[in-house]
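Peer 1: Make a model of this:
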Amino acid sequence: MATTRIISMHVNKGKTIAQCLTDRLGYSENPEKTNDGELISAYECDPKTADAEFLLSKRQYKTLTGREQKSNVIAYQVRQAFKPGEITPEEANRVGYEFAERFLKGKHAFIVATHIDKSHIHNHIIWNSTTLDCKHKFRDFLGSGRAVARLSDAICTEHRLSVIEAPKRGNNHYGKWLGNKAKPTHRELLCGVIDDALLKKPSDFDALLKLLTAAGCTVKQRGRSVSLRHKSRTGFIRLSSMEGYSEADLRAVLAGEKKHTPRKKRVQPTQEKNTLLIDIEAKMSSGEGVGYERWAKVFNVKQMARTYNYLRDHGLLDYEKLAEKTSGATARFNEVSSKIKSAESRMAEIAVLKTHIINYSKTRDVYAGYRKAGYSKKYLAEHESDILLHKAAKKAFDDLEVKKLPTVRSLQEEYTKLLSYKKAAYAEYRAARDEMRELLIHKQNVDRMLGKNEREEKEREHDRQ
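Peer 2: Numbers count the residues shown, from 1 in each chain. Next comes the predicted model:
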């Protein structure tokens, strides 16, 4: 269950770049946190002198490019935390190193320091903002946090480590990343106690404070400020800092002037909605069994990881939903494809009809002369090509059952409209095709891994018998 966060490391006010690099790298490489430095790995730099190497590259960047560094970003860091008890420190370091290799593509020097001082093992992955050739800088692009999370999830899945099923994106700390599994905060506990007290319909604000005291909360009043402390926590929190629970809000609720909306409580996610992911994760975690071995011979673990993360990212948490989504995408592609083929068919028909109309018009006088000549062989020999074109046009009109010939101009207008529709439809066609192909691949992966194709084949054989 690796969680990630990308952080820009800036120059602190009053400090030089060298001092900031030394401080940041020094914290990450702390021997007490990294088992005396055994849990530190690096690429294109020495962990002991990384601060000096990073600084030198920045000076070379200025010399080579002649550009001053506009921003005060000196390095970037990704914190990668793992589920407690699921990974060893050594494996965590390897996972972090693989992430940095794949994310940076060998363009930046980096170190990976694995900390074991917390209950959850976590990596500090720090890379130089300047490239190895000292000619470019790393750009923190829009959506980089999501890209980091997706790559980290893919690598963790490949290593058979669990990932967060419904991550909440944003600049949250590790506790918030735990979502519903995290312990409630002090504010949440106080809100819950106040909600329960309000259900007892206290007559006024003083009566509400008495109910809170009876529930184990400590009430502190200083001037006009009222603060509370839950029995399980230390420190006080002012009511004025709690949105929807300030003294003014509560007094308005008690007076019937305002409706109170209780704060939503954390609800543990149900396992039922994630049965497909659970089945896949169990299969990947075991790495055993005939079904897994057969699947592994055809595919590799990276493909399995991509399928797992695709299903999770798109909310396809049960097989029926995946099958329905795949069928819908296939039907949509076939529908768009059919419309485009119909337009193309009509365009080809228009092109042929337009040619015949033009030929018919050009050869009309020649053919009229042929009739007046009593279909003379001599006349035919002299005007054979025009007469053949005229006959071919008449036959085409008969085959198309055209009662009244359209004008060339009207046909051209229809052709232009169909061509515009076809060009516009191709964007939808490509999107529908790509979605269908991706869903079919992932559904096929799921079918093979879970042995669904094999079971269906056995059922068909049984029906034939």
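Peer 1: from memory Gln303 sits against Asn445, does it?
Peer 2: Yes - taking CB atoms under 8 Å as the contact criterion, Gln303 and Asn445 are neighbours in contact, 6.5 Å apart. For the C-beta atoms, the positions are set from N, CA and C on the backbone; glycine is no exception.
Peer 1: Name the residue in the two with the higher neighbour count.
Peer 2: Of the pair Gln303 and Asn445, Asn445 is the one with more neighbours under other CB atoms under 10 Å, namely 21 against 17.
Peer 1: Just give the closest residue to the more buried one, not the sequence neighbours.
Peer 2: Spatial nearest neighbour of Asn445, chain neighbours left out: Thr307 (4.4 Å); criterion: CB to CB, 6 or more residues apart in numbering.
Peer 1: now for the helix or strand containing Arg306, which elements pack on it?
Peer 2: Element membership for Arg306 (DSSP states H and E) is helix 301-313. Other elements packing on helix 301-313 under the criterion 3 or more CB pairs under 8 Å, 6 or more residues apart in numbering; DSSP states H and E are helix 144-158, helix 275-286, helix 408-449.
Peer 1: contacting residues around stretch 252-262?
Peer 2: Stretch 252-262 is contacted from outside by 191, 195, 198, 202-205, 208, 244, 249, using CB atoms under 8 Å, 6 or more residues apart in numbering.
Peer 1: Flag the shaky bits of the stretch 51-200 of the chain, pLDDT-wise.
Peer 2: Within the stretch 51-200 of the chain, the stretches with pLDDT under 70 are 69-71, 164-183.
Peer 1: for it, what spans make up the helices?
Peer 2: For the stretch 51-200 of the chain, helices defined by DSSP state H, counting those that start in this stretch occupy the ranges 89-104, 144-158, 174-177, 186-199.
Peer 1: Leaving aside the residues adjacent along the chain, what's closest to Asn35?
Peer 2: Ile116 (6.3 Å).
Peer 1: count of neighbours near that neighbour?
Peer 2: Counted by other CB under 10 Å, the residues lying close to Ile116 total 16.
Peer 1: and it, what is it in contact with?
Peer 2: Residues near Ile116 by CB under 8 Å, 6+ apart: 33-35, 39, 89.
Peer 1: Asn309 is in contact with Asp153, correct?
Peer 2: Yes - assessed by CB under 8 Å, Asp153 is found in contact with Asn309 at 5.3 Å.
Peer 1: Please work out how many residues are found near the residue nearest to Asn445.
Peer 2: Thr307 has 22 nearby residues by other CB under 10 Å.
Peer 1: pLDDT score for it?
Peer 2: If you check Thr307, the pLDDT there is 80.
Peer 1: Can you tell me how far it is from Lys443?
Peer 2: Thr307 sits 9 Å away from Lys443, taking CB to CB, to the nearest Å as the criterion.
Peer 1: Let's have the helices of the stretch 51-200 of the chain in TSV, adding distance to Thr407.
Peer 2: Formatted as TSV, the helices of the stretch 51-200 of the chain follow (distance: least, CB to CB, whole Å):
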stretch	distance to Thr407
helix 89-104	62
helix 144-158	56
helix 174-177	68
helix 186-199	76
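Peer 1: re the thing from before, reformat the contacts of stretch 252-262 as CSV; add neighbour count.
Peer 2: Listed next are the contacts of stretch 252-262 as CSV, based on neighbours: other CB atoms under 10 Å:
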residue, neighbour count
Cys191, 20
Asp195, 15
Leu198, 17
Pro202, 17
Ser203, 8
Asp204, 10
Phe205, 15
Leu208, 22
Gly244, 14
Asp249, 16
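Peer 1: Going by distance to Thr355, which of those residues wins?
Peer 2: When these are compared for distance to Thr355 (CB to CB), Gly244 wins out at 75.3 Å.
Peer 1: quick one, what contacts the closest one?
Peer 2: Remark: with contacts taken as CB under 8 Å, 6+ apart, Gly244 is in contact with 260-261, 263.
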